[in-house]
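K.L.:
the sequence and its predicted three-dimensional model are supplied below.
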Amino acid sequence: SSHVDHINPNNGTFAIKYLMPYTTDFTFDYYNFIYMYAEQGESVFITIDAEKIRDKDFNNAFVFSVNRADFNNSYAKFITYLDSYQSYLMNPGFKADSIPFDDFKKKIEETAAMLSDSLNAYAARTNAPDNVLAHIKGNMADLMSYYWAQGYKAHDNTEKGRDEKIEIMKHPVFDTYNPARMKGQMFSYHLRPYMFILVRGNEDFKALMQSGDTIAAYKKGIDILKNEPEGFNRDFMAYAFTEVILMQKADIMNDETTRYVQTAISTPYVKTKIEELIKPKDFVYPDIAMPGVAYLNAGGVKEDIPEQNIVKYLNKRYPGKLLYVDIWATWCRPCIGEFSHASELHKKLTDENVEFIYLCLRSDESKWLEMAEKHTSYGENYYFDMDATNLFMPSYNVDCFPTYLFITADGKIIKDVGRPSEAGTEEKIKSLSE
């Protein structure tokens, strides 16, 4: 999390303090995301040319100085080059759910080598430091995991199929057990799905969940994760697993289960986060009118919504329904990656009293219209302009994309709910929509 420490409108300076629980790259959002990296306790200095930002000349709109200036000036621009491969990774010309296992592994290796050669050439042309190149290659692996590896579907639902999926996710390209990989913020999008494959595919875990013995299932899941190499990466998976289980059964954590998960964790920070996870969270949502919100009607035409409390508006528009709200942005890779899972989830829940609501923030309006038609036409689509975005995010404690929440029929907001791709989301929706 972060907060503004000071703003001086007289000379255009500002300072932001950012809580960095572990060293990782991060972004600063000023009309566009600026990527940067720092170690814990360091300061990053950046000069932004607002006029170039307005002209959308983003690559030339900012300059880093002082700490890690060479790294960040190179890294921020290198990221833009890496993004040019995103369309290829999203549309590689084959389907991950139909290619044979050995062929799929070979495809990963060949593509990783091709992309690595391209990144090496770009680094040579731009004199990018070696540590920037290494970091970018980690980002490349995260994209390949997100768009390819996680889409692989074994050709049977047996233990052999689970083993195939695990082998894909443990491929050396992804360097799954290297704690240094956590320095890339996208790496968590590799570890979480890997954790799900390990645990959800285990027959004993599935049997315990089906029997309704959630506590025994939780302990079994922790036992499975204990078989992974000790370290921060395993600790992260144990935390993510606990987060998902709590979503399914909020009262599962007691002194016994808390002690049980702590035995799988070696990092003091993660132990603290586990304790925070099980504490009740109090956040008062303001009764605030929201300007700058538009709705995409059934004819594909944008309609402006009168300024009003958006939660009350949604409850009134969809009376008696549970609202599964997806807060996303058109440039957000994880958001886009969840759309196919959301579509499948929607099909499974057609008989449930639930409405899928898509709130698009901090995005270009024309891109929103295009992507809503392509990806989320089965749901209810809303667009927030920049003023609405800047009011909505702090008011509703939204600090990342994608964010998912439930709004119950009586207007209660339930935060930090599961992604469409995560275990337990379908069951939680069913239980709340009854």
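P.N.:
Happy to help now that I have it.
K.L.:
from here on, just use CA atoms for contacts and neighbour counts.
P.N.:
Fine.
K.L.:
low-confidence stretches in the protein?
P.N.:
The model of the chain has pLDDT under 70 over residues 1-6, 97, 154-157, 280-284, 423.
K.L.:
please enumerate the strands of it.
P.N.:
For the chain, the strands defined by DSSP state E occupy 2-8, 13-18, 24-29, 33-38, 45-48, 62-65, 293-296, 302-304, 322-328, 354-360, 380-384, 403-407, 413-414.
K.L.:
need the contact partners of stretch 188-207.
P.N.:
Outside of stretch 188-207, the residues within contact range by C-alpha atoms under 8 Å, 6 or more residues apart in numbering are 142, 145-146, 150, 159, 162, 165-166, 169, 176, 182, 217, 220-221, 224-225, 233, 236-237, 240-241, 334, 422-423.
K.L.:
mind checking which of the residues you listed are buried?
P.N.:
142, 145-146, 150, 162, 165-166, 169, 176, 182, 217, 220-221, 224-225, 233, 236-237, 240-241, 334, 423 (16 or more other C-alpha atoms under 10 Å).
K.L.:
hmm, back to that, so for Thr257, which of the strands of the chain sits nearest?
P.N.:
Distances from Thr257 to each of the strands of the chain were compared using C-alpha to C-alpha; the minimum, 23.4 Å, belongs to strand 413-414.
K.L.:
just checking, what packs against the lengthiest helix in the chain?
P.N.:
Longest helix in the chain by number of residues, with DSSP state H as the criterion: helix 101-126. Using 3 or more C-alpha pairs under 8 Å, 6 or more residues apart in numbering; DSSP states H and E as the contact criterion, the secondary-structure elements in contact with helix 101-126 are helix 130-147.
K.L.:
got the CA positions of the helix it packs on in CSV?
P.N.:
Coordinates of the C-alpha atoms in helix 130-147 are reproduced here as CSV (Å, rounded to 0.1, in the frame of the first residue of the first chain):
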residue,chain,number,x,y,z
ASP,A,130,22.6,-6.9,-17.5
ASN,A,131,20.5,-6.8,-14.4
VAL,A,132,17.7,-5.1,-16.3
LEU,A,133,17.9,-7.8,-19.0
ALA,A,134,17.7,-10.5,-16.4
HIS,A,135,14.7,-8.9,-14.8
ILE,A,136,12.9,-8.5,-18.1
LYS,A,137,13.5,-12.2,-18.9
GLY,A,138,11.7,-13.0,-15.6
ASN,A,139,8.8,-10.9,-16.7
MET,A,140,8.8,-12.7,-20.1
ALA,A,141,8.6,-16.0,-18.3
ASP,A,142,5.6,-14.7,-16.2
LEU,A,143,3.8,-13.8,-19.4
MET,A,144,4.4,-17.2,-20.9
SER,A,145,3.1,-18.8,-17.7
TYR,A,146,0.0,-16.6,-17.6
TYR,A,147,-1.0,-17.0,-21.3
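K.L.:
list the contacts of that helix.
P.N.:
Applying C-alpha under 8 Å, 6+ apart, the set of residues contacting helix 130-147 is 71, 74-75, 78-79, 82, 86, 89-90, 108, 112, 115-116, 119-120, 123, 169, 173-174, 181, 184, 186-187, 189-190, 334, 337.
K.L.:
swap the cut-off to 7 Å and go again
P.N.:
For helix 130-147, contacts defined as C-alpha atoms under 7 Å, 6 or more residues apart in numbering pick out 71, 75, 89-90, 116, 123, 173-174, 181, 184, 186-187, 189-190.
K.L.:
just name the closest of these to Leu349, please.
P.N.:
Ranked by distance to Leu349 (C-alpha to C-alpha), these are led by Tyr189 at 25.2 Å.
K.L.:
contacts made by stretch 38-51 with the rest, please.
P.N.:
For stretch 38-51, contacts defined as C-alpha under 7 Å, 6+ apart pick out 20, 22-23, 25, 61-67.
K.L.:
next one: stretch 56-75
P.N.:
The list of residues contacting stretch 56-75 from outside it, by C-alpha under 7 Å, 6+ apart, reads 36-37, 43-49, 52-53, 77, 128-129, 132.
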